[in-house]
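Chemist: Could you work out the structure for the sequence below:
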Amino acid sequence: MVNLKKTLSGFVARKTSDAGELAEKRGMSLLSKLLLMLLAAAMTAVVTISFLGYRHGEQQITETAFQQLRSLRVSKSQQVEWYFKNLRNVVRILGQTPAITKSMQLFSTSFASLDNKPRDVDVLSDEQKENLGNYYNKEYFPKLDQLQDGKSNVEIFWPRSRAGRRAQSLYLAENPNKTGEKDRLYSSSATTSYDMVHRRFHQFYRNALKAQNFYDMFLIDGESGDIVYSVFKETDFGTNLLRGPYAHSSLGQLFRNIRSNHSPGYVYVEDFKQYPPSYNAPAAFIGTPIYTKGGLFIGVLAAQMSIDDLNGFMTNKKQWTESGLGKTGEMYLIGDDKLMRSDSRF
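Modeler: This next block holds a predicted model:
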């Protein structure tokens, strides 16, 4: 009996001890789970906060980059506006200078005098006609035909007027300087009144062209539409902008606009388009009417604008990174026709 009680008491003691150990283990397990839950919650909070911070930082960086691009866009647009405003003012002032007015009158008169032979006698000798044809066929057309489909025809391109053909014969075909340097010739081999006027004013126009970085400059007779003078003497020189081969070119459109809407100080700009005399390179023109002191409209001063200036400040002279555009950023001009007016970085 005594032994049974001892056995039972020992069993109860062991059960009690096991229950305590089990309770203690259960308490430790719950505590571990609680700690793990708290750790998981803390980690989730840290990850969430880090992600939100990253997203906010990314948005801030993106917004800063876009703000910088917007600032550059505004700056470039102001440069473009300033560029054209400055050109307008320059051309307006040039068109009103006495030298321009005087040269317009003298070039128109002397150009007409190049047709100085009876109507039944050609103003060009057979040799001169052959030389002019060779200029087109051997110097102008080979390069032009590489840039367009089909083969060009001399009869389509050269001047309709006798004075124009003679002017081209003297200043293009007989000009010893290569294409792009025809402006080096001050006087032709003929002794004409046109040559005297050309010698007198040619340096003035060359200086004006270089000062403004124009591609070319023209004087166009207001009544006839003849291009009576140009600095670089391309195939448009001596042609007629009302009936000639370039009547529907951008220069022809500029002339007709000014001729029909002219008023003192008026300046018109014709947007960039392919221009055949410049081997279909994109060309834009700016022009203004020329008046005598008495207010008589006598012609148009026109300038062919160089695209180099626009490209220069749109690309920061191809230093995109230094201008804040990084390794991939770029800015360029788009016209109303959705075509680019400046070069892409790529």
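
Chemist: Quick one: name whatever helix or strand follows the worst-scoring helix or strand of the chain on mean pLDDT.
Modeler: Each helix and strand of the chain was given a mean pLDDT (mean pLDDT, DSSP states H and E); the minimum falls on helix 2-95 at a mean of 72. As assigned by DSSP states H and E, the chain's next helix or strand after helix 2-95 is helix 98-112.

Chemist: how about that following helix: buried residues?
Modeler: 100-101, 103-108, 110-112 (16 or more other CB atoms under 10 Å). In this view, the C-beta of every residue, glycine as well, is placed from N, C-alpha and C.

Chemist: can I get the CA coordinates of the helix or strand that that helix is followed by in CSV?
Modeler: For helix 98-112, the succeeding helix or strand toward the C-terminus, using DSSP H and E, is helix 126-134. Taking C-alpha atoms only, helix 126-134 is exported to CSV below (Å, rounded to 0.1, in the frame of the first residue of the first chain):
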residue,chain,number,x,y,z
ASP,A,126,28.5,78.9,-131.3
GLU,A,127,31.6,78.5,-129.0
GLN,A,128,29.9,80.2,-126.1
LYS,A,129,26.7,78.1,-126.5
GLU,A,130,28.9,75.0,-126.5
ASN,A,131,30.8,76.2,-123.4
LEU,A,132,27.5,76.9,-121.6
GLY,A,133,26.1,73.5,-122.5
ASN,A,134,29.3,71.8,-121.3
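
Chemist: Looking at stretch 120-133 now, give me its mean pLDDT.
Modeler: Stretch 120-133 shows a mean pLDDT of 88.

Chemist: Can you mark which positions in that stretch are buried?
Modeler: Going by neighbour count (16+ other CB under 10 Å), the buried part of stretch 120-133 is 123-124, 128-129, 132.

Chemist: and the residues you listed as CSV, adding distance to Gly299?
Modeler: Below are these laid out as CSV (distance: CB to CB, whole Å):
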residue, distance to Gly299
Val123, 23
Leu124, 26
Gln128, 27
Lys129, 29
Leu132, 25
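
Chemist: which of the buried residues of helix 98-112 sit farthest apart?
Modeler: Spanning the widest gap among those are Ile100 and Ala112, at 18.9 Å by CB to CB.

Chemist: gap between the two ends of stretch 292-303?
Modeler: Start-to-end span of stretch 292-303 (CA to CA, to the nearest Å) is 20 Å.

Chemist: So which bits of it are buried?
Modeler: In stretch 292-303, counting by 16+ other CB under 10 Å, buried: 297-303.

Chemist: Nearest to Ile93 among the residues you listed?
Modeler: So of the buried residues of stretch 292-303, ranked by how close each gets to Ile93 (CB to CB), first place is Leu301, at 10.6 Å.

Chemist: Report the secondary structure state of the closest one.
Modeler: Here Leu301 is recorded as strand under DSSP: H, G, I helix; E, B strand; the rest coil.

Chemist: Identify the residues contacting it.
Modeler: Counting by CB atoms under 8 Å, 6 or more residues apart in numbering, Leu301 touches 91, 94-95, 100, 104, 217-219, 287-290.

Chemist: How much space separates it from Asp126?
Modeler: Distance of Leu301 to Asp126, given as CB to CB, to the nearest Å: 37 Å.

Chemist: same question, Val90
Modeler: 45 Å.

Chemist: What of Phe297?
Modeler: From Phe297 to Asp126 the distance is 40 Å (CB to CB).

Chemist: now swap in His198 and tell me
Modeler: 25 Å.

Chemist: Retrieve the pLDDT associated with Thr321.
Modeler: 69.

Chemist: and Phe237, backbone torsions?
Modeler: Dihedral pair for Phe237: phi -60, psi 130, per degrees, to the nearest 10.

Chemist: Name the residues linked to the residue nearest to it when sequence neighbours are not counted by a beta bridge.
Modeler: Excluding its sequence neighbours, the residue lying closest to Phe237 (CB to CB, 6 or more residues apart in numbering) is Ser230, at 4.6 Å. Beta-bridge pairing of Ser230, defined through DSSP bridges, involves Phe218.

Chemist: Ser230 reaches Asp216, doesn't it?
Modeler: Yes: between Ser230 and Asp216 there is a contact under CB atoms under 8 Å: 5.7 Å.

Chemist: Now the phi/psi pair for Tyr275, please.
Modeler: Dihedral angles (degrees, to the nearest 10) for Tyr275: phi -130, psi 110.

Chemist: And for Gly238?
Modeler: Torsion angles, degrees, to the nearest 10, at Gly238: phi 80, psi -10.
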